[in-house]
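> Here you go, sequence then predicted model.
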Amino acid sequence: MSSAQAPSETPRHYQLFIDGKFVDAESGKTFTTPNPATGETLAEVAEADKADIDKAVQAARRAFEGKWSTISARDRGRMLYKLSQLVESKTKELAALETADNGKPIRESQYIDIPSVVENFEYFAGWATKIEGETIPVPGQMFNYTLREPVGVCGQIIPWNFPLLMAAWKLAPALAAGNTVVLKPAEQTPVTILELAKLIQEAGFPEGVVNIVPGFGETAGAALAAHKGIDKVAFTGSTEVGKMIAHAAADNLTKVSLELGGKAPNIVFADADIEQAVSGAMMGIFFNQGQVCCAGSRIFLDERVKDEFLDRFKARAEKIVVGDPTNAATQMGPQVSEEQLARIKGYCDIATEEGATVFAGGCSPQLEEKFQKGFFFQPTIFSEVKNSMRVAQEEIFGPVTSVITFKDEDDLVRQANDTIYGLSAGIWTRDITRAHRFAKQVHAGVIWINTFNMFNAASPFGGYKQSGYGREMGRHALDLYTQVKSVWVDLSGKPIGWFGN
Ligand code: NAI
Ligand code: MG
């Protein structure tokens with residue numbers, strides 16, 4: 001990266017990263033990724049396909065069985081720590097590129113995404129030397145202990161909403177535990193991950209330990225998920241594709257972890273601090289243009305505070321600064337792609353057809369000339385929504401929230417759980433017994449009480465129901481990337497007497 005500026009007008013060029021080298025695709029094919037704010041081409045990227053996936057998996061296997069297996073846990077930790085420092089030293093450049101590729105406002109990429117990447121590599125660097133087996137008190141003259149070993153070659157398929165951060169969530173625990181990786185970024189956002197490849201080299205990881213193969217889902221992604229040479233596949237993305245990954249993995253009995261869609265209830269009781277709850281509703285649905293799997297996309301309001309809440313919510317939503325994502329004052333940038341924008345618009349039509357009201361937003365904002373080909377959408381609130389409507393049941397993945405009312409706690413819990421998803425949930429109340437009762441009753445992997453969208457590398461994240469399985473971050477992530485071997489040792493020195501001596 002040459003400068004801290006937002007990337008220049010001329011498209012950047014990237015190759016695949018396989019076996020420690022930057023190489024073209026076997027087919028010679030490339031694809032382009034646009035800047036979603038302007039529609040201009042940001043980069044031209046080598047397009048991996050089955051042949052490249054094969055090469056990358058073979059390189060990862062050689063590294064797993066060779067050099068990487070001889071490196072001590074301490075040195076793995078040191079490399080991860082070095083990587084965290086290299087990323088930190090490039091925060092501005094990486095943030096500018098993330099914003100150019102994904103469209104998220106620079107204040108998010110610079111102060112949330114990249115610092116969280118640093119945090120994750122740093123946190124898992126510490127784990128490398130703390131992955132331990134146990135001794136088991138078995139009866140008789142026997143010694144039984146366990147070894148916690150890496151799973152092997154891991155395929156990792158990641159989405160475009162937090163490109164570098166999703167890569168870090170998956171790479172950090174995999175590498176800390178001694179695995180090797182073939183990672184496929186989303187076709188919409190390959191750029192920062194390919195910049196990370198350079199830092200991975202610089203941090204001293206041996207060739208083949210991390211391989212990065214940008215390409216499309218139906219080709220590169222499908223080839224990776226179905227590959228016989230991988231021992232595990234980790235996926236973040238749509239529930240629809242998650243099911244395809246699980247099917248593909250089933251044929252080889254590849255281990256799978258999935259972090260999929262959500263339709264989180266964000267619940268406001270009448271006794272809540274309404275100002276605080278409004279700020280939580282904003283954070284829940286407008287952060288990252290609503291392109292968040294745990295977004296608070298169903299706002300449940302106690303009937304008694306509905307009008308007060310909605311008035312304040314609408315006034316605040318209409319003040320959000322939407323526009324040039326490179327401007328430090330911008331609060332919402334464009335959606336990631338034309339396809340996503342079209343999908344969101346489609347849901348606005350569906351909402352109206354279903355009888356909901358577009359209470360705020362509902363269309364693209366008027367912006368200056370330069371951004372007219374960008375994929376912008378206004379913060380949008382649907383009111384008069386019933387939980388059974390499609391806009392309350394399907395993941396929209398945009399700055400669009402559905403407001404539903406409830407009468408009492410039983411009515412609320414029933415509606416909150418009436419969804420195929422179970423990733424997260426928020427509750428706003430001053431009643432601590434209610435808050436904790438709710439935390440137990442709601443079927444979701446993450447509960448936020450009087451807050452929303454809180455994350456930390458040390459705290460597990462993942463879904464119930466069709467939001468997936470497995471937990472990323474925290475010590476639980478190591479379970480995804482290790483397997484346990486039980487070793488029995490006879491201490492008696494005598495023959496086994498069972499069939500006589
Ligand atoms: P997607 O699930 O198709 O894409 C996510 C990743 O999976 C990308 O790397 C993609 O290339 C890959 N992929 C796609 N098809 C594949 C296949 N057949 N085999 C293997 N890999 C494949 O998501 P998409 O199409 O970009 O967005 C559609 C919807 O998915 C969004 O509107 C949103 O509702 C949801 N989504 C959820 C995310 C989350 O964080 N849970 C992230 C991205 C999308
Ligand atoms: Mg898709």
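Looks like it arrived, so ask away. Ligands and ions are numbered 1, 2, ... in the order given.
> which SSE is the residue nearest the centre of the chain in?
Nearest to the geometric centre of the chain sits Met166, at 4.4 Å (CA atoms, centre = their mean). In this structure, Met166 sits in helix 163-176 according to DSSP states H and E.
> Please name the strands paired to the helix or strand that comes right after that helix in the sheet, noting orientation.
Using DSSP H and E, the helix or strand that follows helix 163-176 in sequence is strand 180-184. When pairing is defined by DSSP bridges, strand 180-184 lines up against strand 153-157 (parallel), strand 210-212 (parallel).
> Return the alpha-carbon coordinates of strand 180-184 using PDB.
What follows is strand 180-184, C-alpha atoms only, in PDB (Å, rounded to 0.1, in the frame of the first residue of the first chain):
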ATOM      1  CA  THR A 180      -3.600 -24.400   8.000                       C
ATOM      2  CA  VAL A 181      -6.100 -22.400   6.000                       C
ATOM      3  CA  VAL A 182      -7.600 -21.900   2.500                       C
ATOM      4  CA  LEU A 183      -9.700 -18.800   2.800                       C
ATOM      5  CA  LYS A 184     -12.200 -17.600   0.200                       C
END
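> in the helix or strand that it is followed by, what's buried?
Counting by DSSP H and E, the next helix or strand C-terminal to strand 180-184 is helix 191-202. For helix 191-202, a neighbour-count test (16 or more other CB atoms under 10 Å) marks 191-197, 199-201 as buried. Yep, even glycine has a C-beta here, placed from its N, CA and C like the rest.
> is it fair to say Ala329 lies in a strand?
No. Counting by DSSP: H, G, I helix; E, B strand; the rest coil, Ala329 is not found in a strand; it is coil.
> Could you verify my assumption that it touches Val321?
Yes. In terms of CB atoms under 8 Å, Ala329 counts as a neighbour of Val321; the distance is 5.8 Å.
> Wondering if stretch 360-379 reaches ligand 1 at all.
No. Stretch 360-379 lies out of reach of ligand 1 by CB under 6 Å from any ligand atom, never closer than 12.8 Å.
> now that stretch, how far from the centre of its chain.
26 Å (CA atoms, centre = their mean, to the nearest Å).
> okay, now the nearest residue in space to Ser383 that is not next to it in sequence: neighbour count?
Closest residue in space to Ser383, ignoring its immediate chain neighbours: Phe359 at 4.0 Å, by CB to CB, 6 or more residues apart in numbering. Other residues near Phe359 come to 18 when the count uses other CB atoms under 10 Å.
> Met454 now?
By other CB under 10 Å, the residues close to Met454 number 11.
> Ok, Gln441 next?
16.
> which residues does it contact?
413, 417 (CB atoms under 8 Å, 6 or more residues apart in numbering).
> How about the one 10 residues further on?
When the contact criterion is CB under 8 Å, 6+ apart, the partners of Thr451 are 280, 426.
> and this protein, what are its domains?
Here the domain parsing of the chain from automatic domain parsing is 12-260+467-485, 265-449.
> what about the first one, how long is it end to end?
Right, domain 12-260+467-485. Start and end residues of domain 12-260+467-485 are separated by 46 Å (CA to CA, to the nearest Å).
> Any part of that domain near ligand 1?
Yes. Domain 12-260+467-485 comes into contact with ligand 1 (CB under 6 Å from any ligand atom), by way of 157-159, 161, 184, 186-187, 216-218, 221-222, 225, 236-238, 241, 244-245, 260.
> Just the buried subset of those, please.
Buried among the residues of domain 12-260+467-485 next to ligand 1 by 16+ other CB under 10 Å: 157-159, 161, 184, 186-187, 217, 221-222, 225, 236-238, 241, 244-245, 260.
> From those residues, which land in helices?
Those of those mapping onto helices are 222, 225, 241, 244-245, per DSSP state H.
> possible to save those residues as a markdown table with pLDDT?
Converted to a markdown table, those look like this (pLDDT from 0 to 100):
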| residue | pLDDT |
| --- | --- |
| Ala222 | 98 |
| Ala225 | 98 |
| Val241 | 98 |
| Met244 | 98 |
| Ile245 | 98 |
